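Engineer: Predicted structure and sequence below. I'll ask about it afterward.
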Amino acid sequence: MVSFPRLKFRRPLFAATAAGATAALLVSCAEPSGDSDAAATTEAAASQVTTLTVYTSEPEEKVDEINAAFMAANPDIEVEVYRAGTGDLNARIAGEKESGEIEADVLWAADAPTFETYKAAGDLAELQDVDTADLIEEAVDAEGFYVGTRIIPTVIAYNTDVIDEADAPQSWADLVDPKYAGQLVMPDPAVSGAAAFNASVWKNNEDLGEEWINALGENQPMIAQSNGPTSQEIAGGGHSVGVVVDYLVRDLADAGSPIAAVYPTEGAPYITEPAGVFEASDNKEAAERYLNFLLSEEGQKIAVEQAYLPVREDVGTPENTPELADIVLMTPDLQVVTDDKDAAVELFQNAMQ
């Protein structure tokens with residue numbers, strides 16, 4: 001486990017505003033107070049606010065809740081969000097690099113292989129003041145360029161109005177049974193970072209591999225754009241079985257939808273939805289404060305309330321969720337998965353045609 005020093009809460013903008021405050025004091029001695037003083041105070045306060053730009057694949061309502069709590073605790077920082085699927089985020093970042101430099105301060109999305117790619121390209125800043133002492137080892141990049149913020153396993157989900165619990169598929173191998181032909185739905189790995197990661201994990205798993213992916217394609221799954229539409233399709237009964245991240249199943253079940261999750265016997269691929277700071281950012285101190293909030297007890301309790309498994313063990317887990325220790329997780333070689341992701345996505349797309 002790697003531990004970085006705790007954030008020092010530096011306020012570099014305050015030095016500049018102090019000079020402005022001194023000047024304002026001198027003026028106030030010579031002139032009576034009035035509307036101009038109120039305007040000057042408002043302008044000075046505004047000048048102290050740092051605007052932090054976050055690129056994320058987090059669902060809108062969840063990231064809005066996190067940001068509201070963060071800004072309440074950090075009134076000198078205003079968070080602006082560009083939200084999209086990981087594939088679209090990667091395309092936006094590539095376009096910005098080609099035309100100049102990356103415009104965001106923070107990337108919070110997807111999986112470790114995505115961040116490994118950005119790290120290798122020199123796009124991520126090495127974290128200086130982010131506290132990882134209370135995190136599980138799986139969430140921490142040993143080199144200190146990014147850090148996981150949730151444990152998000154991919155599971156098999158099924159519609160409980162259509163399929164009885166006793167008849168539900170229990171393994172990835174079950175999904176290639178011809179009886180599921182036309183009943184399956186999955187997210188598109190070209191759009192979803194989690195789905196792309198899964199494709200590479202499956203391809204490089206000795207019990208599944210290319211043979212399993214091709215056999216899965218013979219059952220003609222519906223390919224939804226991302227995990228959100230996939231979960232809705234299962235809950236609505238359009239396709240009664242699917243592959244989706246587990247927290248969406250909990251969200252829908254809690255809302256009364258007929259959907260349940262199975263953690264496959266071979267193990268569940270999982271992502272940690274990392275966060276990192278771009279090297280091109282001019283707001284690295286504020287960006288690291290944002291990461292520290294995501295990892296803090298308060299931030300992780302919000303994650304649990306949002307149906308996520310946390311990356312620290314002192315905040316509990318969502319209701320009716322297995323303990324992380326009771327879930328079989330696939331733990332492949334990260335470098336292999338990273339290097340093979342593009343080939344795995346291509347294999348998956350060809351198999352599903």
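Structural biologist: Yep, it's here.
Engineer: the strands in the stretch 201-350 of the chain, which residues?
Structural biologist: For the stretch 201-350 of the chain, applying DSSP state E, counting those that start in this stretch gives strands covering 222-224, 241-245, 259-262, 270-271, 274-277.
Engineer: Make a markdown table from those strands and add mean pLDDT, mean neighbour count and distance to residue 52 to it.
Structural biologist: Every residue, glycine included, has its C-beta placed from N, CA and C. Putting the strands of the stretch 201-350 of the chain into a markdown table (pLDDT from 0 to 100; neighbours: other C-beta atoms under 10 Å; distance: least, C-beta to C-beta, whole Å) gives the following:
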| stretch | mean pLDDT | mean neighbour count | distance to residue 52 |
| --- | --- | --- | --- |
| strand 222-224 | 97 | 20 | 32 |
| strand 241-245 | 97 | 28 | 26 |
| strand 259-262 | 97 | 22 | 34 |
| strand 270-271 | 92 | 26 | 23 |
| strand 274-277 | 98 | 26 | 10 |
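Engineer: Redo the ones you listed as CSV? Include distance to residue 292.
Structural biologist: Output for the strands of the stretch 201-350 of the chain, formatted as CSV (distance: least, C-beta to C-beta, whole Å):
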stretch, distance to residue 292
strand 222-224, 35
strand 241-245, 25
strand 259-262, 31
strand 270-271, 21
strand 274-277, 10
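Engineer: Among these, which comes closest to residue 119?
Structural biologist: Evaluated over those, closeness to residue 119 peaks at strand 274-277, with 7.9 Å, by C-beta to C-beta.
Engineer: and the closest one, what does it pack onto?
Structural biologist: strand 106-108, helix 112-120, strand 147-148, helix 284-295 (3 or more C-beta pairs under 8 Å, 6 or more residues apart in numbering; DSSP states H and E).
Engineer: follow-up on the earlier one: mind checking the strands of the stretch 201-350 of the chain for the one nearest to residue 125?
Structural biologist: Residue 125 lies closest, by C-beta to C-beta, to one member of these: strand 274-277, at 4.7 Å.
Engineer: Please work out which residues outside that closest one touch it.
Structural biologist: Strand 274-277 is contacted from outside by 105-112, 114-115, 118-119, 124-125, 127, 141, 145-149, 284, 287-288, 290-291, 294, using C-beta atoms under 8 Å, 6 or more residues apart in numbering.
Engineer: what does stretch 68-85 give?
Structural biologist: Outside stretch 68-85, the residues that touch it by C-beta under 8 Å, 6+ apart are 11, 13, 48-58, 60, 63-64, 67, 89, 92, 104, 191-193, 225-226, 286, 289-290, 293, 298-299, 302.
Engineer: ok so, going back, between the helices and strands packed on strand 274-277, which has the poorest average model confidence?
Structural biologist: Ranked by mean pLDDT, these bottom out at helix 112-120, with a mean of 93.
Engineer: Could you tell me which residues within that one count as buried?
Structural biologist: Residues 112, 113, 114, 115, 116, 117, 118, 119 are the ones in helix 112-120 that count as buried (16 or more other C-beta atoms under 10 Å).
Engineer: hmm, back to that, show me the one of the strands of the stretch 201-350 of the chain that comes nearest residue 231.
Structural biologist: strand 241-245 (4.9 Å).
Engineer: Sheet partners, orientation included, of that closest one?
Structural biologist: Its sheet considered, strand 241-245 pairs with strand 152-159 (antiparallel), strand 184-187 (parallel) by DSSP bridges.
Engineer: export those strands to a markdown table and tack on mean pLDDT and distance to residue 273?
Structural biologist: Shown next, in a markdown table, are those (pLDDT from 0 to 100; distance: least, C-beta to C-beta, whole Å):
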| stretch | mean pLDDT | distance to residue 273 |
| --- | --- | --- |
| strand 152-159 | 97 | 6 |
| strand 184-187 | 98 | 15 |
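Engineer: on that earlier part again, nearest to residue 181, of the buried residues of helix 112-120?
Structural biologist: Set against residue 181, the nearest of the buried residues of helix 112-120 by C-beta to C-beta is residue 113 (31.1 Å).
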